[in-house]
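1. Using only what follows, build the 3D model:
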Amino acid sequence: MAYVTIDGNKYEKELIDLAVKHTTGRGEGKISVDEAKDLFKSAKDGQGVTDTEMATLQYIRGAYEFTDAGAKAFDAELAKL
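-> The predicted structure follows:
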């Protein structure tokens, strides 16, 4: 598992890279419903969501733009954890 440090906090690099991928290049530059689901699928790839993965998801929610529907889907999934 690779990590990245942002503002002194440790986050999962794979999730950050996925968020960057979903917000750059083609498209509107915001995380959609399907992309939000993709982030949670990646976070749940092990036996559960680790504290670092949870912190990374919370960071992504505050640092990246979401479509309205994407934000709603992301928040609903985050609330389940």
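2. Report the secondary structure element holding residue 49.
-> Using DSSP states H and E, residue 49 is not contained in any helix or strand.
3. Now do it: how many residues are near it, please.
-> 17 (other Cβ atoms under 10 Å). For glycine as for every other residue, the C-beta is placed from the backbone atoms N, C-alpha and C.
4. That one is in contact with residue 43, isn't it?
-> Yes. Using Cβ atoms under 8 Å, residue 49 is in contact with residue 43, at 5.2 Å.
5. Residues that sit against both of those two, list them.
-> Common neighbours of residue 49 and residue 43, counting by Cβ atoms under 8 Å, 6 or more residues apart in numbering, are residue 57.
6. Helices along the chain, start to end?
-> Under the criterion DSSP state H, the chain contains helices at 13-23, 33-43, 51-63, 68-80.
7. Mind putting the ones you listed into TSV with mean pLDDT and distance to residue 6?
-> As requested, those are exported to TSV (pLDDT from 0 to 100; distance: least, Cβ to Cβ, whole Å):
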stretch	mean pLDDT	distance to residue 6
helix 13-23	96	8
helix 33-43	96	16
helix 51-63	97	7
helix 68-80	97	19
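8. how about those in TSV, adding distance to residue 1?
-> Converted to TSV, the helices of the chain look like this (distance: least, Cβ to Cβ, whole Å):
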stretch	distance to residue 1
helix 13-23	8
helix 33-43	12
helix 51-63	8
helix 68-80	20
